[in-house]
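Student: here is a sequence with its predicted model. Questions after.
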Amino acid sequence: MKEYRLQKRGGVGIKAIKITPKTGNLTLSAVLGDDEEGLIVISKKGLTIHIEIRNISILSRAAQGVRVMKLDAADKIASATCI
């Protein structure tokens with residue numbers, strides 16, 4: 001959170017992620033506390049993955065993000081939550 005400057009009235013926003021055709025849209029953004037241990041992602045076709053938070057790379061806010069699940073061209077993320 002310290003990488004984001006404070007916005008005042010009339011602010012034009014802050015870029016959180018570089019979205020390109022390669023990366024696609026942002027699916028989940030969350031501020032995690034010390035009690036969160038994992039991430040569960042479910043696709044529309046029923047594919048489910050559980051990954052430990054400590055295994056996800058930490059990148060700068062202007063990066064292209066981290067892929068945690070590979071999907072078929074016709075599949076999309078249905079839900080994602082931190083546990």
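Tutor: Looks like it arrived, so ask away.

Student: quick one, what contacts the residue most central in space within the chain?
Tutor: For the chain, Leu28 is the residue whose C-alpha lies nearest the centre (CA atoms, centre = their mean; 4.0 Å). Applying CB atoms under 8 Å, 6 or more residues apart in numbering to Leu28 gives the contacts Leu39, Val41, Ala80, Thr81. Using the backbone N, CA and C atoms, a C-beta is placed for each residue, glycine as well.

Student: for Gly65, same thing?
Tutor: Neighbouring residues of Gly65 by CB under 8 Å, 6+ apart: Ile17, Thr23, Leu26, Leu59.

Student: per-residue pLDDT of the first one, please?
Tutor: Put plainly, it is Ile17. Ile17 is assigned 76 on the pLDDT scale.

Student: surely it is within a helix?
Tutor: No: read with DSSP: H, G, I helix; E, B strand; the rest coil, Ile17 is coil and lies in no helix.

Student: show me where the chain has its strands.
Tutor: Assigned by DSSP state E, the strands in the chain fall at 38-43, 48-52, 77-82.

Student: need the contact list for Ser79.
Tutor: Val41, Ile42 are the contacts of Ser79 under CB under 8 Å, 6+ apart.

Student: what's the neighbour count on Ala78?
Tutor: 14 (other CB atoms under 10 Å).

Student: for stretch 29-41, give me every contacting residue.
Tutor: 1, 16-17, 27-28, 48-53, 56, 68-69, 77, 79-83.

Student: put the alpha carbons of that stretch into PDB.
Tutor: The C-alpha coordinates for stretch 29-41 follow below in PDB (Å, rounded to 0.1, in the frame of the first residue of the first chain):
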ATOM      1  CA  SER A  29      -6.900  -7.600  -5.900                       C
ATOM      2  CA  ALA A  30      -6.700  -8.000  -2.100                       C
ATOM      3  CA  VAL A  31      -4.800  -6.600   0.900                       C
ATOM      4  CA  LEU A  32      -3.700  -9.600   2.900                       C
ATOM      5  CA  GLY A  33      -3.200  -9.800   6.600                       C
ATOM      6  CA  ASP A  34      -1.000 -12.200   8.500                       C
ATOM      7  CA  ASP A  35      -3.800 -14.700   9.000                       C
ATOM      8  CA  GLU A  36      -4.400 -15.400   5.300                       C
ATOM      9  CA  GLU A  37      -2.500 -18.500   4.200                       C
ATOM     10  CA  GLY A  38      -3.900 -19.500   0.800                       C
ATOM     11  CA  LEU A  39      -5.700 -18.600  -2.400                       C
ATOM     12  CA  ILE A  40      -8.400 -20.600  -4.000                       C
ATOM     13  CA  VAL A  41      -9.300 -20.000  -7.600                       C
END
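
Student: if anything else comes up later, I'll come back, but that's it for now.
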